[in-house]
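Novice: The sequence isn't on hand, but the structure is:
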Ligand SMILES: Cc1ncc(C[n+]2csc(CCOP(=O)(O)OP(=O)(O)O)c2C)c(N)n1
Ligand code: SF4
């Protein structure tokens, strides 16, 4: 297979470009989107590359159509992705819920930008943390990953596809304008260096008859994609294991929704990824995600120089959230600081996790700039 | 055309475990479904290569009853989902079963853009002038003066003429019939299914329960008699003045052309891309 970009070597590229290349290496062959800053470069790169790898890149009429198209493509057997920013992500929410309910593997990239509504289109923010987790309707479970470097944008995109395929679920890659537009050195592996996961397909007619069952006991049913003669009916209505609408029985709804939760939560340990930095003996913990982690690393080093036993917890997966781990951490430290580029979103999750075992303090920065390390340091040392 | 018995069609194409359908007595959706299945049967199309898509509404429940691959999606969005299915696997033939509210209100944008792209899909559109599933609110097709729960004193807005909208947006094939014109209806669906690009067959379909009841037509026969009164065949309409056509609905075949479909256009686009990049073998 020939790739439209160099593989097996490093390249100096933007975050958006890294996401597009990673998607193609992960096997994505369907992209549908609608332009929005700062996500447009993902689309533009996909538009350039997709036809060359016999994939599809199409500009839809809006974001609702974009996510709809990728769900359709996924049922036709393709690995599929769309990318947008906050306002477009809001438009996608109904169909994101549909993808959860129909257990459709898709990857949705949200490149966060500043402000509510259209806000500050070119500046970074972390205002969609809650939206990515809770934006859609009803009881639902999905996976949210959050990179902090261009290399991570690349690596996490591949991981997003793998998790989506493995657990038959939508995965949100939550990045921001800073990472999207920043250029960094990224290692673009050869395809054989990458682990790529493909969804389970039914092995026999029995399995195909249960497109929403649990024949393997792991909560993840094999996906009978269209055109293989299985005659699968997929509906967003509450349905039984065979996919038949069953909208009034409480037990059937509960069984379906609980399995959708279980298939992710039972594999929490594999899905949740975090990095700890100088946390073993820390008395002060800084908990961050995404771009802010980079300032926080520096802040921890400065604090250590100043004799403050600080450590960093960087969350790579922000949903599912490891509340238990935060509670253990809170029991070990005196205080937790949560610097984030909004008026408090991750903060609420951390505070719930800490469960009163440590004081949790929010360090806000909004308006389009990332916290400087000193801004974090000064808040910690008072 | 040799007409097979309805039982034969039912046994061959419906999912027995899903029956009975949710449709009310006198509802026209079942008839249109039968026309569609007869057209498929007559053409001898492969059941495993057809995907049915739909949005939300009574009409959109149809894919659940037929024994084909089917995607029952969100309200109005069926054609956006269909775009992904078709481009990801062009070997699949797609039938979209939609309501008038689904296609022309919430889904209006997807509808005109799917037509503009000439997406390869056959749309079977149930026009009952109302939102059946939610209990009889006015639809964007409701003629002036018709009543719905959200216009209890009679609709005051102008209606959409869906078929004409589709013609202007560029559909390859457009026809409109009432459920009463079954032979023309079946023939139109057959034509539509054989064509590349966007094809639409619209049916004026009785909804006695949500619509008829509120407009002094409680039964399907009453509604059909009303359709006979308000519909005008295309040839006749051409000779009528605008005033004479006021409040009437023209039926017939409105477009039959062969512009390249989206799949073919995209395949050409891939070739062009590879050529421009010096990639062709
Ligand atoms: C986003 C959204 N808005 C509203 C609804 C409620 N709803 C369900 S069916 C329907 C209208 C269906 O009317 P139509 O498309 O004409 O189909 P019919 O039932 O008449 O066949 C509406 C508004 C919904 N399901 N989703
Ligand atoms: S409400 Fe109307 S459209 Fe819906 S099933 Fe009943 S008669 Fe048919």
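Specialist: Received, thanks. Please read all numbers here as calculations on a predicted model, not as lab measurements. Ligands and ions are numbered 1, 2, ... in the order given.

Novice: Pull out the buried residues from stretch A:313-325.
Specialist: A:313, A:314, A:315, A:316, A:317, A:318, A:319, A:320, A:321, A:322 (16 or more other CB atoms under 10 Å in any protein chain shown). Every C-beta, even on glycine, is put in place using the N, C-alpha and C of the backbone.

Novice: where along chain B do the helices fall?
Specialist: Counting by DSSP state H, chain B has helices at residues B:6-13, B:29-43, B:62-65, B:78-88, B:100-101, B:108-117, B:162-169, B:182-194, B:220-230, B:234-237, B:242-245, B:262-276.

Novice: Turn those helices into CSV, including distance to chain A and mean pLDDT.
Specialist: Compiled in CSV, the helices of chain B are given as follows (distance: least, CB to the nearest CB, whole Å; pLDDT from 0 to 100):
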stretch, distance to chain A, mean pLDDT
helix B:6-13, 11, 95
helix B:29-43, 14, 97
helix B:62-65, 6, 98
helix B:78-88, 3, 98
helix B:100-101, 16, 98
helix B:108-117, 4, 98
helix B:162-169, 12, 98
helix B:182-194, 17, 97
helix B:220-230, 25, 96
helix B:234-237, 30, 97
helix B:242-245, 32, 94
helix B:262-276, 4, 98
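
Novice: Between those, which one is closest to ligand 1.
Specialist: helix B:100-101 (3.1 Å; CB to the nearest ligand atom).

Novice: at contact distance from ligand 1, anything in the closest one?
Specialist: Yes. Helix B:100-101 reaches ligand 1 (CB under 6 Å from any ligand atom) through B:100, B:101.

Novice: count of residues packed around the spatially closest residue to residue B:164 that is not a sequence neighbour?
Specialist: Ranked by CB to CB, 6 or more residues apart in numbering or on different chains and with sequence neighbours excluded, the top spatial neighbour of residue B:164 is residue B:254, at 6.8 Å. By the criterion of other CB atoms under 10 Å in any protein chain shown, residue B:254 has 20 neighbours.

Novice: what's the spacing between residue B:254 and ligand 1?
Specialist: Distance from residue B:254 to ligand 1, counting by CB to the nearest ligand atom, to the nearest Å: 21 Å.

Novice: could you say what helices and strands the helix or strand containing residue A:100 packs with?
Specialist: Secondary-structure assignment from DSSP states H and E places residue A:100 in helix A:86-102. Contacting helix A:86-102 under the criterion 3 or more CB pairs under 8 Å, 6 or more residues apart in numbering or on different chains; DSSP states H and E are the following elements: helix A:63-75, strand A:79-84, strand A:106-112, helix A:129-134, strand A:170-176.

Novice: Give me the residues contacting the last one.
Specialist: Outside strand A:170-176, the residues that touch it by CB atoms under 8 Å, 6 or more residues apart in numbering or on different chains are A:15, A:19, A:38, A:96, A:99-100, A:104-113, A:124-126, A:128-129, A:132, A:142-147, A:153, A:156-157, A:160-161, A:163-164, A:290-291, A:318, A:341.

Novice: give me that answer again for 6 Å
Specialist: With CB atoms under 6 Å, 6 or more residues apart in numbering or on different chains as the contact definition, strand A:170-176 has outside contacts at A:96, A:99, A:106-112, A:124, A:132, A:142-147, A:153, A:160, A:163-164, A:290-291.

Novice: Partner strands of that strand and their direction?
Specialist: In the sheet, strand A:170-176 lines up against strand A:106-112 (parallel), strand A:143-145 (parallel) (DSSP bridges).

Novice: what mean pLDDT would you report for that strand?
Specialist: The average pLDDT for strand A:170-176 rounds to 98.

Novice: just the angle between it and strand A:79-84, please?
Specialist: 40 degrees (axes from the mean of the first three to the mean of the last three CA atoms, to 10 degrees).

Novice: Could you check strand A:170-176 and say which residues are buried?
Specialist: A:170, A:171, A:172, A:173, A:174, A:175, A:176.

Novice: got the residues of the stretch 1-150 of chain B near ligand 1?
Specialist: So far as CB under 6 Å from any ligand atom goes, the stretch 1-150 of chain B lies against ligand 1 at B:56-59, B:75, B:99-102, B:126, B:128, B:130-134, B:139.

Novice: mind listing what residue B:146 touches?
Specialist: So residue B:146 contacts B:129, B:155, B:215 (CB under 6 Å, 6+ apart).

Novice: my bad, residue B:231
Specialist: Contacts of residue B:231 by CB under 6 Å, 6+ apart are B:178, B:249, B:251.

Novice: re the thing from before, may I see the helices and strands packed on helix A:86-102 organised as a markdown table, with distance to ligand 2 added?
Specialist: Output for the helices and strands packed on helix A:86-102, formatted as a markdown table (distance: least, CB to the nearest ligand atom, whole Å):
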| stretch | distance to ligand 2 |
| --- | --- |
| helix A:63-75 | 24 |
| strand A:79-84 | 33 |
| strand A:106-112 | 31 |
| helix A:129-134 | 34 |
| strand A:170-176 | 31 |
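
Novice: could I get the ones you listed as a markdown table with distance to residue A:237?
Specialist: Formatted as a markdown table, those follow (distance: least, CB to CB, whole Å):
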| stretch | distance to residue A:237 |
| --- | --- |
| helix A:63-75 | 15 |
| strand A:79-84 | 23 |
| strand A:106-112 | 20 |
| helix A:129-134 | 22 |
| strand A:170-176 | 18 |
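
Novice: how about those, which one is nearest ligand 1?
Specialist: Per CB to the nearest ligand atom, nearest to ligand 1 of the helices and strands packed on helix A:86-102: helix A:63-75, 9.8 Å.

Novice: For stretch A:168-179, measure first residue to last.
Specialist: 27 Å (CA to CA, to the nearest Å).

Novice: With stretch B:211-224 instead?
Specialist: Start-to-end, stretch B:211-224 (CA to CA) is 13 Å.

Novice: Just checking the distance from it to the centre of its chain.
Specialist: Mean-position distance between stretch B:211-224 and its chain equals 21 Å (CA atoms, centre = their mean, to the nearest Å).

Novice: Turn the strands paired with strand A:170-176 into a markdown table, columns for distance to ligand 1.
Specialist: What follows is the strands paired with strand A:170-176, written out as a markdown table (distance: least, CB to the nearest ligand atom, whole Å):
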| stretch | distance to ligand 1 |
| --- | --- |
| strand A:106-112 | 19 |
| strand A:143-145 | 24 |
